[in-house]
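Trainee: With the sequence up front, the predicted model follows.
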Amino acid sequence: MEKVTATNSDIEKAAGVLRAGGLVAFPTETVYGLGANAEDSAAVARVFQVKGRPPTHPLIVHIGGAEHLGEWVEDVPATARLLAERFWPGPLTLVLRRGGRVSLEATGGLETVAVRVPDHPVALALLSAFGGGVAGPSANRFGSVSPTTANDVRAELGDAVDFVLDGGPCEVGVESTIVDATGEIPSVLRPGGVTREDLEAVLGRRLAVHSTSRIRVPGQHPSHYAPRARVVLVEPEKVVAEAELAQELGHQVGVLLPPSFADAPVKAHAVVAVPDSMAAYARGLYGFLRKLDQRGCDLIVASLPVEEGLGLAIANRLRRAAGPRPSE
Ligand code: TXA
Ligand code: MG
């Protein structure tokens, strides 16, 4: 479905940039990635520098197929094998014990490594032409909204990236689901494009979701997936009133209007009617936030969708965009 605009010669050029230790922004089905040769410590270090990302935040290693998994991890437990077979290529990242091939910079010094096979023809062509693994976070500055078009990448990173491969707008729109598959019982570290329900159906068991674990430090952790505007989350039926109040108080208010209130007139600076379908909402989410920023909003009022299916990932991103609340 993606509008593929990268040509074969673009892909060859991008593979050459990776081989030479450069950085390539590339499309995936989730969001655009900022890629470097996963075996090249210096190139990986530049990814952290360009993103402004702390070196302890590990990257995802993108590989061309499940058959290469064994080259990057120490061992592949049966559960991980099952998930890889079922969901790759696709928006699922598996955290496993690190193999010797991946640079320690990419894993932030951890003894585990996050790996996935992206489901995008341009990403797969790049991985095939390059032949190795591509370590890459989302192609945005640390903490901000992930890019879902090549233009978003250019706006975020400009000349700091050596080459941008354009693969059209991302189909899924939120990042991959990260599953810790190191132990006997897998758990979800970040909800994303593969739903918890899909994982549970394949595994035949319930899964724990630890989506805000580890890196949350009360009051200190910067918000992630955040637009410039402050994001305020309220109940769906309070979105309109909250937005109008803030607008009256002098804010430039952007509204993510829930589907059940789609026809409500809202006195606000900018209004985005949220799609009814969760797939369409996920696909559009980061674009909506970018648009409200570009329109000059300083405050965005939104509500959380029902936290099932893709709604779980959308709610997770909105919560993180709103930042840690004082009580947490
Ligand atoms: O869809 C995606 O996952 C996109 C595309 C480009 O593949 N990538 C992405 O990367 O979202 P990034 O760097 O923005 O997020 C990677 C996440 C981070 O939250 C990081 O902490 C986690 O993966 N991660 C990476 N390695 C890990 C590890 N060994 N253990 C636990 N978490 C890990
Ligand atoms: Mg990111």
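Mentor: Arrived safely, thanks for sending. Ligands and ions are numbered 1, 2, ... in the order given.
Trainee: residues in this structure within reach of ligand 1, list them.
Mentor: By C-beta under 6 Å from any ligand atom, the part of the chain that sits against ligand 1 consists of 28, 30-31, 33, 57-60, 91, 93, 95, 107, 110, 112-114, 118, 136-138, 175-176, 178, 189-190. Every residue, glycine included, has its C-beta placed from N, CA and C.
Trainee: Show me those residues that map onto strands.
Mentor: G33, I60, T93, V95, T112, V113, A114, G136, I178, L189, R190 (DSSP state E).
Trainee: Isn't the third one up against L59?
Mentor: To tie it back to what came earlier, the one meant is T93. No - with contacts counted by C-beta atoms under 8 Å, T93 stays clear of L59, the gap being 10.5 Å.
Trainee: ok so, going back, scan the ones in strands among the residues of the chain next to ligand 1 and report the most crowded one.
Mentor: The residue in those with the most neighbours, by other C-beta atoms under 10 Å, is G33 (30 neighbours).
Trainee: doesn't L59 make contact with that one?
Mentor: No - using C-beta under 8 Å, G33 is not in contact with L59; the gap is 9.0 Å.
Trainee: Mutual contacts of those two, please.
Mentor: G136, P137 (C-beta atoms under 8 Å, 6 or more residues apart in numbering).
Trainee: re the thing from before, reformat the ones in strands among the residues of the chain next to ligand 1 as a markdown table; add pLDDT.
Mentor: Formatted as a markdown table, these follow (pLDDT from 0 to 100):
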| residue | pLDDT |
| --- | --- |
| G33 | 98 |
| I60 | 98 |
| T93 | 98 |
| V95 | 97 |
| T112 | 96 |
| V113 | 97 |
| A114 | 98 |
| G136 | 96 |
| I178 | 97 |
| L189 | 96 |
| R190 | 95 |
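Trainee: Between T93 and L59, which contacts overlap?
Mentor: Contacts common to T93 and L59, judged by C-beta under 8 Å, 6+ apart, are A114.
Trainee: where are the low-confidence patches of the protein?
Mentor: In the predicted model, the chain carries pLDDT under 70 at residues 1-4, 212-222, 325-328.
Trainee: most remote residue from it's center?
Mentor: Residue farthest from the centre of the chain, counting by C-alpha atoms, centre = their mean, is E248 at 34.4 Å.
Trainee: That one and ligand 1: what is the separation?
Mentor: Per C-beta to the nearest ligand atom, to the nearest Å, E248 is found 37 Å from ligand 1.
Trainee: again, but for L257
Mentor: 27 Å.
Trainee: OK, contacts around the closest residue to that residue other than its chain neighbours?
Mentor: Counting by C-beta to C-beta, 6 or more residues apart in numbering, A273 is the residue found nearest to L257 once chain neighbours are left out, at 5.1 Å. Each residue near A273 by C-beta under 8 Å, 6+ apart is listed here: L257, P259, A262.
Trainee: Now list the buried members of those residues.
Mentor: L257 (16 or more other C-beta atoms under 10 Å).
Trainee: Mind putting the contacts of A273 into JSON lines with secondary structure?
Mentor: Listed next are those as JSON lines, based on DSSP: H, G, I helix; E, B strand; the rest coil:
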{"residue": "L257", "secondary structure": "strand"}
{"residue": "P259", "secondary structure": "helix"}
{"residue": "A262", "secondary structure": "coil"}
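Trainee: In JSON lines, list the contacts of A273 along with distance to A321.
Mentor: Below are these laid out as JSON lines (distance: C-beta to C-beta, whole Å):
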{"residue": "L257", "distance to A321": "16"}
{"residue": "P259", "distance to A321": "19"}
{"residue": "A262", "distance to A321": "22"}
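Trainee: Between the two ends of stretch 204-211, how far is it?
Mentor: Terminal residues of stretch 204-211 are spaced 21 Å apart (C-alpha to C-alpha, to the nearest Å).
Trainee: Same check on stretch 140-159?
Mentor: First-to-last residue span, stretch 140-159, C-alpha to C-alpha: 13 Å.
Trainee: List the buried residues in it.
Mentor: For stretch 140-159, the neighbour count (16+ other C-beta under 10 Å) marks 140, 143-150, 152-154, 156-157 as buried.
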